[in-house]
Structure formats: C-alpha cells, structure tokens
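1. predicted model follows, preceded by the sequence.
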Amino acid sequence: MAAPKVAFLLLNLISILPLLVSSFSPDRPTDRRILVVLDDLSLKSSHSLFFSSLKSRGFDLDFKLADDPAIAVKRYGQYMYDGLILLSPSTERFGGSLDVEGVLDFVDSGHDLIVSADANASDLIRNIAAECGVDFDEDPSAVIVDHSSYAVSETEGDHTLIAADDFIQSDVILGNKKIEATVLFKGIGHSLNPANSMVLKALSASPSSYSTNPSSKLSSQPPSLYGTAISLVSVVQARNAARIMISGSLDMFSNRLFRAGVQKSGSLNKYEKSGNEQFITELSKWIFHERGHLKAVNLRHNKVGESEEPSMYRINDDLEFSVEIFEWSGSSWVPHVSKDVQVQFYMMSPYVLKTLSTNGKGLYHTSFKVPDVYGVFQFKVEYQKLGYTSLSLSKQIPVRPFKHNEYERFITTAFPYYGASFSMMAGFFIFSGVYLYNK
Amino acid sequence: MGRSATTKDAHALFHSLRSAYAATPNNLKIIDLYILFAVATAVIQVAYMAIVGSFPFNSFLSGVLSCVGTAVLAVSLRIQVNKDNKEFKDLPPERAFADFVLCNLVLHLVIINFLG
C-alpha cells in the first residue's frame, strides 16, 4: 500500500530534478551546484576560507579529485552543475568524461568557470586557458619574478611572491569597496590574446615584472612576457553571459595568503591582512552572476497620448519609448540605475539617438519625434558596459509618409501660386469687359 | 566712328518700331497689355520658386501654366482678330472671342483642380 505511493512520489521528484540543475537562467537563479576539481585533497583544508565563502553564499560544492573516474559535468545531455572550478594545475588528464572539449562545451552552454594554473602547469590547463583567450608563458618552468614589486619578508627570497595592486577599474567586477591592501601572488603569468575582445585583465603585473625561471641564469634574449602586458588574473565575459576567471596562481586562493600580512617593497604601507580574500571573494561574486547580470524586459513604445502599441507610425509623429532593466543582486532582481542607456531609431544608421532617463525603479523612458523619412525602422538598445552583461534589444516598426489628406489644406508657401491663378481669372474677366466695350 | 553709326541705327530702329506700333488699333493694344500682364506674373512666380524651392510643385505648375495658358490664348485671339492677317480674313471676330472665352473656361477649370 505504501510502496506504490512512495514510488509515485519518487517519480514526481525525479521528473522535476532536471529543472533544479540548470545554468544561470534569469528565471531560476538561486542555489546552484558547483563542481570543484582538485589535484590534491589537502586543498580542501588549505583553501578552506575560499570554499566556505562560496558555501555561505548558497552554493553546493562537490569536491572531486582530478583523476576520479566519476567526474562528469554532463549526463544524458543534461548539465549536472552550474559552475566549474578547476584547482588542478598539474593534472595532465581528468578522470571520467571531462576533457578540454567538455570544459569548453560547458562554458559555451552558458555556465561559469574558474580555472587556476600554477608553476608547472600542465598542458591540459594551458590548453583550456588558451581556448579562453589567454596565453601562458610557453616555458614550463618560468614563473613571474618582480624585483621591485615583491612582498617584503624576513628572508631575502627570490622575489617570486609578488605584491600586486594594479586592479581593473570596475565597481561591478571588484565591488564598490576599494581593495586597500595589495594582493599576494605566486605563480605564472599570461598575456591576453590580442584577437580576443572579451577578455580583460583583472589584476595586471607591475611594469618591472617578467617571466623567467628563477633558478637559472637569465638568457641573453629578453623574456617573452614582461611588464604590464603580463596579466596575473584575467576574466572573460562571453556573449552568452558565461563568465570565466583564469588565475596564474593557486596559492592566491589559499588560507595562508588570505591571512598573511603584506608590505610591498619600496612602499611604506604595511597591511595586516593581504587583499587576497577581498579580491577573490568579490571576483567570485561577479563570476557567479551575483553582480552585473542585467536583464531587460518590457520594451514598449506608443504614440504620445495613447497606451496601445501601434503597428505603424507616420512621419513627424510624437512617440514614447520605455524599457525596464533589472540587475540580479544574488537573491532577487533589483532595478538597475544608470544614466547612459541609449535608444536608437535605426534604419541602416541611427536617425535618432537618445539617452533614456530613468525613474530610479528600473524604468527607462524617453520621447521623440519620428524623423521625416519613411521606411522600416528598428528601436535598438545596445548596452555594453565593462563588467555588465551586454544588452542587445531591437523591435521593428514601419513608418509611413503622409496620406494625401493629411497635409494642411492651404500650404503657406504656395500662396503666391494661388494668388497668381486667381489674378489670372480676374484678369480674364476684366479683359473681356474692356475688350468688348471698347469703342 | 562705327559705334556712333550703330547707335544711330538703333535709335532709328526703335523710333520706327514705336511709330509703327502707335498705328495698331486699340483692341490689339489692349490684348498686348493683357499678354504682358500674364507673362510678368509667370516670371514673378518662377523667380519665387527659384528662391523658396519647389515644395508644392503642383501648385507651382498650376500657377505658371495658368499664366502661360492665358498668354497663349490671348495671342491666338490677337492673331484671329487682327485685320491685317489674311489667313483669318473670313473669321468673324465674335467667333474668335467666343472660342477665347470657352478655352479660358476650360483652362481655369483645370488650373483650379491642379492647384491642390
């Protein structure tokens, strides 16, 4: 009696299971599962601060060793996780069904990725990074060395633990609280692929840094990576809103560096706690869409004075346009307030370009006059701001010229012609009279 | 020397034309005045269009054509009524005037329609 009931219930639960695990979709964005691939289980404890900050924000972390044969992000065509963190820089091959193709497929379907390399990074990690638009130094034994921007310590080290504070200027990506302390970094550097327009440097190296093997003598050729071209941490925002973070240092995520004090060489500022925890936490918030994910709904237009959307406008009509833009705050959609959203009235080129004014609650509106050109136009909103998902909306609307009875009855510029025609008629009458009654 | 001869010739030509014109009958002179009025109005309209542009082009055409049509009809009346013209010797001037009036009626009907 109970068994069929239980079976029925289980069947129902299983049927809604696919709905629970999906990529960040604007409709169901909470409580997401993340797969964390480690090459050493001790990372669970040595990086526990990072993991606990993720757990406290509501993420379900699934830890797996890199060569675990049960690793899979996709089963029967459904993705089982919403995010992937690869903290396995020295793994040559993942166990299970995950490989470079699998990781890229995961990202292409809109999911987020954090991947960290380190000294002696494997080809697998380098390939994944290269596909994301980031090129690590080809020399496998090279690390970043900086002789004028390193972290001061009691022992005179080889300056591979560097203090970096060249952050990307973006409140969306790094939070609106400024990161005061410098960030400690120890690992390899990468350069951005110049052909890629979506990758950004979140943390750049100082102009005095370069990539080399610290234990061997410097070769006569200059190092291939040097100066501010080196990026220590990069982020990518793909066109499908998937976000990727690529870091060259696994130690940057560790508890040791989170808690360490830092003093940059050549600077008098000594910080009790490095900026690593704030930097990594804020960046992970951005990566997992807790900031900067926009959605635009309700694109409406109507003639001034009417409330219905017409199917066609006439030239020189007055119209109103409005759109609502919301940002995901981590728990709900809040209105996004910004002064630079613009709408174009576009046909091959924008005839009207207006900045929308907002009412503070996410509604952006403006009104303008339809231009004196007829054709098929589009209302276009293209919003691309650093750190925010890009909005690209358009709605087509035809515009017709005046009907023949929509002109004014008597055109003022034609009055001389009216006058001339009537004067000719009057002249004809007068002439006939004069001609006939002339003796 | 040559210039003064040309001007003297011009003067002589002008005087002979004036005296010949003075000899035309009065009714023809009235028609000539009417033609002058029509052509002047046409020129004014063309100058106006050159300044302002041809926006209601139909109105412009209507105005100019009313002037030109009037002038043409007046010219044909003058030809038919002129007693020195041997071709229309047998045409009664009343008939010519009646044709003139009818054609003008048609012209002005068309003009009013096209004026817009």
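-> Okay, I see it. Note that the structure is predicted; figures quoted are calculated from it, not measured. Numbering: from 1, shown residues only, chains lettered A, B, ... in the order given.
2. the closest residue to chain B within chain A: neighbouring residues, count only.
-> Per C-beta to the nearest C-beta, residue A:417 is where chain A lies closest to chain B, at 3.3 Å. Bear in mind the C-beta positions are built from the backbone N, C-alpha and C, glycine included. Neighbour count of residue A:417, defined by other C-beta atoms under 10 Å in any protein chain shown: 27.
3. in this structure it contacts residue B:60, no?
-> Yes. Applying C-beta atoms under 8 Å, one finds residue A:417 in contact with residue B:60, separated by 5.6 Å.
4. just for chain A, where's the confidence low?
-> Scanning chain A for pLDDT under 70 picks out A:1-31.
5. go again with 50.
-> For chain A, the stretches flagged by pLDDT under 50 are A:15-23, A:26-27.
6. wait, isn't residue A:304 in contact with residue A:318?
-> Yes. Checked against C-beta under 8 Å, the pair residue A:304 and residue A:318 is within contact range at 4.3 Å.
7. which residues are common contacts for these two?
-> Overlap of the contact sets of residue A:304 and residue A:318 (by C-beta atoms under 8 Å, 6 or more residues apart in numbering or on different chains) consists of residue A:367.
8. got any residues that touch both of residue A:417 and residue B:60?
-> Joint contacts of residue A:417 and residue B:60 (C-beta under 8 Å, 6+ apart) are residue B:45.
9. next, give phi and psi for residue A:377.
-> Backbone torsions of residue A:377, given as degrees, to the nearest 10, read phi -100, psi 170.
10. so what sits opposite it in the bridge?
-> residue A:397 (DSSP bridges).
11. so how many other residues sit close to it?
-> Counted with other C-beta under 10 Å, residue A:377 comes out at 23.
12. and for residue A:438?
-> So residue A:438, with other C-beta under 10 Å, has 11 neighbours.
13. what's the answer for residue B:53, then?
-> Using other C-beta under 10 Å: residue B:53 sits among 11 other residues.
14. without its sequence neighbours, what residue ends up closest to it?
-> Leaving aside its chain neighbours, residue B:53 sits nearest to residue A:413 (7.9 Å; criterion: C-beta to C-beta, 6 or more residues apart in numbering or on different chains).
15. what sits against the one you found?
-> Contacts here follow C-beta under 8 Å, 6+ apart; on that basis residue A:413 touches B:52-53, B:55-56.
16. tell me the secondary structure at it.
-> Put simply, residue A:413 is helix when judged by DSSP: H, G, I helix; E, B strand; the rest coil.
17. could you do residue B:4 as well?
-> Classification of residue B:4 using three-state DSSP returns helix.
18. circling back: enumerate every residue touching the nearest residue to the residue of chain A closest to chain B once chain neighbours are set aside.
-> Using C-beta to C-beta, 6+ apart and skipping the chain neighbours, the partner closest in space to residue A:417 is residue B:63 (3.3 Å). When contacts are counted by C-beta under 8 Å, 6+ apart, residue B:63 touches A:416-418, A:420-421, B:45, B:115.
19. please redo it, this time with the cut-off set to 10 Å
-> A:414, A:416-424, B:41-42, B:44-46, B:48-49, B:56, B:111, B:114-115 (C-beta atoms under 10 Å, 6 or more residues apart in numbering or on different chains).
20. which of those fall in helices?
-> The helices, defined by DSSP state H, take in A:416-424, B:41-42, B:44-46, B:48-49, B:111, B:114-115 from these.
21. wait, residue A:192 sits on residue A:202?
-> No. Counting by C-beta atoms under 10 Å, residue A:202 is not a contact partner of residue A:192; they are 11.0 Å apart.
22. before we move on, what SS does the residue nearest to residue A:417 have?
-> helix.
23. return the set of buried residues in the one helix or strand residue B:32 maps to.
-> For residue B:32, the element it lies in under DSSP states H and E is helix B:26-52. The neighbour-count check on helix B:26-52 (16 or more other C-beta atoms under 10 Å in any protein chain shown) flags B:27-28, B:30-31, B:34-35, B:37-38, B:41-42, B:45, B:48-49 as buried.
24. out of those, what pair is the most spread apart?
-> B:27 and B:49 (33.9 Å; C-beta to C-beta).
25. nearest residue to the middle of chain B?
-> Note on chain B: the residue nearest the mean C-alpha position is residue B:35, at 2.8 Å, using C-alpha atoms, centre = their mean.
26. what's near enough to touch that one?
-> Residue B:35 touches A:431, B:70-75, B:77-78, counting by C-beta under 10 Å, 6+ apart.
27. those, buried ones only, as a PyMOL selection?
-> Typed into PyMOL, the next command selects the buried ones out of the contacts of residue B:35 (criterion: 16+ other C-beta under 10 Å):
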select buried, (chain A and resi 431) or (chain B and resi 70+71+73+74+77+78)
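28. return the member of the contacts of residue B:35 nearest to residue B:17.
-> When the contacts of residue B:35 are compared for distance to residue B:17 (C-beta to C-beta), residue B:78 wins out at 17.3 Å.
29. that closest one against residue B:34, yeah?
-> Yes. Using C-beta under 10 Å, residue B:78 is in contact with residue B:34, at 9.1 Å.
30. for residue A:204, which non-adjacent residue is closest in space?
-> Among residues not flanking residue A:204 along the chain, residue A:166 sits closest, at 4.2 Å (C-beta to C-beta, 6+ apart).
31. backbone phi and psi for that neighbour, please?
-> The phi/psi pair for residue A:166 (degrees, to the nearest 10) is phi -90, psi 80.
32. likewise for residue A:244?
-> phi -130, psi 140.
33. for residue A:204, grab the count of nearby residues.
-> 22.
34. check residue A:64 too.
-> Neighbours of residue A:64 using other C-beta under 10 Å come to 20.
35. tell me the secondary structure at it.
-> Going by three-state DSSP: residue A:64 is strand.
36. specify the beta-bridge partners of it.
-> Assigned bridge partners for residue A:64, using DSSP bridges, are residue A:37.
37. list the residues that contact it.
-> A:35-38, A:41, A:70-72, A:88, A:94-96, A:98.
38. try 7 Å this time
-> Residue A:64 is in contact with A:35, A:37, A:71, counting by C-beta atoms under 7 Å, 6 or more residues apart in numbering or on different chains.
39. among these, which one has the most neighbours?
-> That'd be residue A:37 among the contacts of residue A:64, by other C-beta under 10 Å, with 25 neighbours.
40. rewinding a little: between the contacts of residue B:35, which is nearest residue A:241?
-> Closest to residue A:241 out of those is residue B:70 (74.7 Å), distances taken as C-beta to C-beta.
41. give me the three-state assignment for that closest one.
-> Per three-state DSSP, residue B:70 ends up helix.
42. surely it is in contact with residue A:425?
-> No. Using C-beta atoms under 7 Å, residue B:70 is not in contact with residue A:425; the gap is 9.0 Å.
43. in chain B, where is pLDDT below threshold?
-> For chain B (pLDDT under 50), the answer is none.
44. which residue does it bring closest to chain A?
-> residue B:63 (3.3 Å).
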